[in-house]
Every structure is written in C-alpha cells, then in structure tokens.
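Asker: Starting from these lines, generate the structure:
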Amino acid sequence: MARFLGMGVVALLVAFAGCAAPGTMSGGMGNMGGMDMGSDGAMSGHSMTSSSNSSLDTGMIEPGSIARLAFTDAGTYAIHCHPHPWMKQNVTVEPGAPSEVNVDIVDGSAASDYGFQPANVTIAPGGTVVYHNTGKLAHTATLEEEA
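Answerer: Prediction:
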C-alpha cells in the first residue's frame, strides 16, 4: 500500500516480476498506475514507507529489479546505497524539469565501478526517479537528508 512519506517523497514502489496479480496495486492512495512489466510480462510491485525519523530506504533492490521514488517538494535530496555508502547521488526537484528520470545502479570489480548513473538528476515536483539495478549485487536507494 502506498503512503505519504516525509521530506517531500510521495511514494516508493519497488517492482519485482510475479509479486502481485497482474495490473493490481492498491492502498491509501488508490491504484498507483505506471507499473512495470516483469520479465514474464506480468505487472507487479511492492511499496515501502518511511520510518519515524523520516529516513527512506528502498530495501534491497535485487539485480534486474527496479525501484521508484516520487518527490513532491522542490529542493535537493541526498541519496546513497546503504551497503555501499560511497555510492552517492543528488536529486534536485525544480519546476520545468522532466517528470521522470531513469537511473542505472551499477557495480563492478572495484569500488570505483559502483555508482548511480547519472550521479546528479533533476526532476519536476511530483516527478519520479526510476532506479534500475543493472549490477550483479543488491543495492538500495536511501534518502539521507535534505542537502
């Protein structure tokens, strides 16, 4: 179920193939829409909510999976990967920017190969960052604090 989250984050959706009935997602905000197609062609997803200290963590995003963060309030938000804290990203929310931005999460044989690509993104208020884990390890997209 989707819930309003702190620090301007409206909803987070982590999608995995085969986790819900095709085309369904319900909760406090109703049908989330925009569900991703899994490798088996089924639409599915899970949602997450923030903790009491307004931190936000996608949980582990397994290789080949995606996660979405939607931001409502203008500002700059610092993101990192919890198990790989040197992986950093800034999300800037400002009017006139695109409503959706795709980000690849990558890893490799050296720590310098790990990262969010691109490392800095700009989206419009109400826009969504879609995280695609293209690496071989599980990662998170964790909201640190407003930068």
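
Asker: which SS state does Ser112 fall under?
Answerer: Counting by DSSP: H, G, I helix; E, B strand; the rest coil, the backbone at Ser112 sits in helix.

Asker: tell me the contacts of Val93?
Answerer: With CB atoms under 8 Å, 6 or more residues apart in numbering as the criterion, the residues that contact Val93 are 8, 71-77, 122-125, 127. The way it works is simple: take the backbone N, C-alpha and C, and place the C-beta from them, glycine included.

Asker: Which one (most neighbours) among these?
Answerer: Comparing the contacts of Val93 by number of neighbours (other CB atoms under 10 Å), Phe71 comes first, having 24 neighbours.

Asker: measure that one to Asp57 for me?
Answerer: From Phe71 across to Asp57, the span is 16 Å (CB to CB, to the nearest Å).

Asker: ditto for Ala74
Answerer: With CB to CB as the criterion, Ala74 and Asp57 are 23 Å apart.

Asker: Could you do Ala97 as well?
Answerer: Here the criterion is CB to CB. By it, Ala97 lies 24 Å from Asp57.

Asker: Let me see the mean pLDDT of stretch 96-107.
Answerer: Mean per-residue pLDDT for stretch 96-107: 97.

Asker: Enumerate the positions of that stretch that are buried.
Answerer: Applying a neighbour-count criterion of 16 or more other CB atoms under 10 Å, one finds Val101, Val103, Ile105, Val106, Asp107 buried in stretch 96-107.

Asker: Output the below-cut-off pLDDT ranges for the protein.
Answerer: Of all residues in the chain, those with pLDDT under 70 make up the ranges 1-56, 145-147.

Asker: where along it do the strands fall?
Answerer: Secondary structure of the chain (DSSP state E): strands at 9-15, 46-48, 56-57, 66-71, 75-80, 88-93, 100-106, 115-117, 120-123, 127-133, 142-146.

Asker: Just say which of those is most tucked in.
Answerer: Ranked by mean neighbour count under mean count of other CB atoms under 10 Å, the strands of the chain are led by strand 66-71, which reaches a mean of 24.
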